[in-house]
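Student: Provided below are the primary sequence and the corresponding predicted coordinates.
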Amino acid sequence: MQRPFVYNRGNDMREKGRGMTGTYENGIYREGDVRLSDLSGRRRLPVGNDDFLSVVEKSVFVDKSMLIADVLDSGATALLFCRPRRFGKSLNLSMIQRFLEIPSPSDPVARDTAELFEGLAIWDAAGGQYRAHHAVYPVISISLKTAKTDDAAAFLGALAQIVGAEYERHSYVLSGGALSEEQRAYFERVTGGAAEAEEIVSSLEWLSRILTAYHGRRTVVLIDEYDAPVAACYTKPSYHEIVSVLKRWLTGALKGNPMLEFAVLTGVQRISKESIFSDLNNLVVDTPLDVMADERYGFLEEEVDALASYLGVDANLGEAREWYDGYRFGAADVFNPWSVVNFFRSGGVADIYWGNTSSNDVLQGVVESVDPETMRSVFSLMTEGGTVDAPLDLGVSFPDVTTRAGAVWSLLYLAGYLTTDDVAQPNNAGRVRPLRVPNREISEVYRNDIVGRFTGLAGSTRLLSALHRALVDGDAALLAEELESVLLNSASFYDLTSENSYHMLLVGLLFGVPGYGNPASNREAGRGRFDICLAPERAGLPAVTLELKFERGADEARLEALAAAALAQIEARAYDAGATESGAGSLRYGIAFSGKSLAVVVDRRL
């Protein structure tokens, strides 16, 4: 018998928390409407832990328990929550499991969870009516996060192992006479690794039937990261086979199954166009555009303030807002929870936390392979207040990135690299919405990936750094040499067909210049619109303005004349007016291109 967990009911927090603006009692810190559970009283942060029992017993838990009420009140038989990675999907699903589930005698960590939920919002809500759902359902809880493979046979094998472990967690059903001989034999084949492929495909439905037969009550099904296998294989030949298996596995359990009470799934992508859910017309999908559970994923501002107060972190919350706020989910403005927890854990040091946790495949795919117009839009997102106007089709499929115009924006939105304040008509895939980068952290992720791509075009980090130094030093000859090397060795001759193509190339190359912000492009200044401008972020550096010209078939003399005309245009239209206020003056560049030839002239003004 597992020893009961006993939380800290002492008075030590009264001394520790003299700077707190809320109250701490019986393991619960309250500040306004915010509740934080810290039953251990140690103020530990649950970095990388998505198991509800472990988090609540050992760490600070930001109370998101009203998600349970959202699920129960929805009336849905199958509910899918789509949110970016590391926004609390797994922890929330684990919370739902431990609230609803009849503790399994075969689960080594299962226990009576009543005292873990006492003090959380769900326990008190609506006069305590949700307590009637506590610990009364058999629950199937499965995560597909370990089923990431691009091989169909390997996926089926991984699914068999995952399902087998969940069967084993419910092996108590083999005792007594509730199961038929057929059900018992099926159960033992799955747990023993002897099940046939078709039996694995039907294993989710079978387990719901077995649990319902044993308990005499319909089963709740929870599936975490259902889309992880699809994300791992969408460019591979195995894609359609894996999708087919996943579809049949889910549909059998979630559609027309009389043993199902309800199901909750989580994922990043909706993937309806892959036909995974083509037969599940009972599925209710909640995306970041929806309001049903908008406050349950990510941290609200008042939750971040309460965390700072409770932890006693003397941090710049304005900096936290700049770096990690900015997401709009339904009617709620939310922070990235992973980054906020790491921000506080690091003593209030702002850094790239979310962007460094795993591969940014979706964004990297965009930066590396999109057409010039889409890349221009990416560059515009990187300017202050930059937006892209595009429709969001949240049923977009992974292969659509290469076949459907605009699909990339929907994928970037679902993955958390974009957000929008226009959340009206969430199911209207034709509604054009202004999309923006949420915050500084994500802007830095874009910047790093752009720099990475154009480092490749330059040939190496060393060569790109040499180009940047030549630019800031006003060395026109060296800058021309470095640019010519890029044109000769990296840029396709057939891609350089207009001033716009050279413009896009140069803007990309100028991301990451030390001491400067992101390059501004085609912005109004003085008496016109400059081509490219770099504004210094560090004292002692000059402002840099570049004007470009292009002409087919231009010889060396003509290129020099065009470069001089471009330089004169900066002066005539006062593109860099006010730049001398920094004290370091400005650098003006006129650059002319033709094919893989160019000319560069420079003028320094104090």
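Tutor: It's in.
Student: all contacts plus neighbour counts: C-alpha atoms, from now on.
Tutor: OK.
Student: pop out the phi and psi values for K549.
Tutor: The phi and psi values for K549, taken as degrees, to the nearest 10, are phi -130, psi 150.
Student: okay, and the beta partners of the nearest residue to it once chain neighbours are set aside?
Tutor: Closest residue in space to K549, ignoring its immediate chain neighbours: A592 at 4.6 Å, by CA to CA, 6 or more residues apart in numbering. In this entry, A592 is beta-bridged to K549, A599, by DSSP bridges.
Student: A592 contacts L567, doesn't it?
Tutor: No: applying CA atoms under 8 Å, one finds A592 not in contact with L567, separated by 10.0 Å.
Student: mind checking which of the two has more residues around it?
Tutor: Between A592 and L567, A592 has the larger neighbour count (other CA atoms under 10 Å), namely 28 against 23.
Student: any idea of the pLDDT on D151?
Tutor: For D151, the pLDDT comes out at 92.
Student: excluding chain neighbours, what is closest to it?
Tutor: S238 (5.9 Å).
Student: list the contacts for the one you found?
Tutor: S238 makes contact with 150-152, according to CA atoms under 8 Å, 6 or more residues apart in numbering.
Student: what about the closest residue to R44 other than its chain neighbours, distance to N49?
Tutor: Nearest non-adjacent residue to R44, counting by CA to CA, 6+ apart: S59, 4.7 Å away. Counting by CA to CA, to the nearest Å, the separation of S59 from N49 is 10 Å.
Student: who's more crowded, the two?
Tutor: Using other CA under 10 Å, the more surrounded residue of S59 and N49 is S59, with 23 against 13.
Student: who touches that one in this structure?
Tutor: 37-40, 42-46.
Student: just put these in a markdown table and tack on neighbour count.
Tutor: Compiled in a markdown table, those are given as follows (neighbours: other CA atoms under 10 Å):
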| residue | neighbour count |
| --- | --- |
| S37 | 28 |
| D38 | 27 |
| L39 | 26 |
| S40 | 18 |
| R42 | 13 |
| R43 | 18 |
| R44 | 15 |
| L45 | 19 |
| P46 | 19 |
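Student: my read: A78 touches N257, true?
Tutor: No: the criterion here is CA under 8 Å, and A78 misses it with N257 at 11.1 Å.
Student: who has more neighbours, these two?
Tutor: Higher neighbour count among A78 and N257: A78, with 24 against 16, using other CA under 10 Å.
Student: quick check: bridge partners of that one?
Tutor: For A78, the beta-bridge partners are A263, L283 (DSSP bridges).
Student: touching the one helix or strand L91 maps to from outside, list them.
Tutor: Here L91, judged by DSSP states H and E, is contained in helix 89-100. With contact meaning CA under 8 Å, 6+ apart, helix 89-100 is reached by 49-53, 64-65, 67-68, 81, 83, 113, 117, 133-139, 141, 222, 224-225, 264, 266-267, 297.
Student: and the very next helix or strand once past that helix, what's its mean pLDDT?
Tutor: Counting by DSSP H and E, the next helix or strand C-terminal to helix 89-100 is helix 114-117. Averaged over helix 114-117, pLDDT sits at 96.
Student: just the buried residues of helix 114-117, please?
Tutor: By neighbour count with 16 or more other CA atoms under 10 Å, helix 114-117 contains the buried residues 116-117.
Student: by contact count, what packs against that helix?
Tutor: Applying 3 or more CA pairs under 8 Å, 6 or more residues apart in numbering; DSSP states H and E, one finds that helix 114-117 contacts no other helix or strand.
Student: how about 10 Å then?
Tutor: On a contact count with 3 or more CA pairs under 10 Å, 6 or more residues apart in numbering; DSSP states H and E, helix 114-117 meets helix 52-58, helix 89-100, helix 121-124.
Student: out of those helices, which comes closest to S586?
Tutor: helix 89-100 (49.4 Å; CA to CA).
Student: so what pLDDT did V366 get?
Tutor: On the pLDDT scale, V366 gets 64.
Student: swap in the one 5 residues further on?
Tutor: Confidence at D371, expressed as pLDDT, is 71.
Student: how many residues are close by it?
Tutor: 10.
Student: go on, L483?
Tutor: Neighbours around L483, by other CA under 10 Å: 20.
Student: got a list of what the closest residue to it other than its chain neighbours touches?
Tutor: Excluding its sequence neighbours, the residue lying closest to L483 (CA to CA, 6+ apart) is L467, at 7.4 Å. For L467, the contact set (CA atoms under 10 Å, 6 or more residues apart in numbering) comprises 458, 461, 473, 475, 478-483, 486, 509-510, 513.
Student: what does V437 give?
Tutor: Here V437 is in contact with 326-327, 378, 381-388, 412-413, 416-420, 443, 446 (CA under 10 Å, 6+ apart).
Student: how about 6 Å then?
Tutor: By CA atoms under 6 Å, 6 or more residues apart in numbering, the residues touching V437 are L418.
Student: what does the pLDDT read for it?
Tutor: Model confidence at V437, expressed as pLDDT, equals 96.
Student: gap between it and L412?
Tutor: Distance from V437 to L412, by CA to CA: 10 Å.
Student: now for those two: what residues contact both?
Tutor: L418.
Student: turn the contacts of L467 into a markdown table, including pLDDT.
Tutor: Output for the contacts of L467, formatted as a markdown table (pLDDT from 0 to 100):
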| residue | pLDDT |
| --- | --- |
| A458 | 77 |
| T461 | 90 |
| D473 | 96 |
| D475 | 97 |
| L478 | 97 |
| L479 | 97 |
| A480 | 97 |
| E481 | 95 |
| E482 | 94 |
| L483 | 95 |
| V486 | 91 |
| L509 | 94 |
| L510 | 96 |
| V513 | 96 |
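Student: understood, closing this out.
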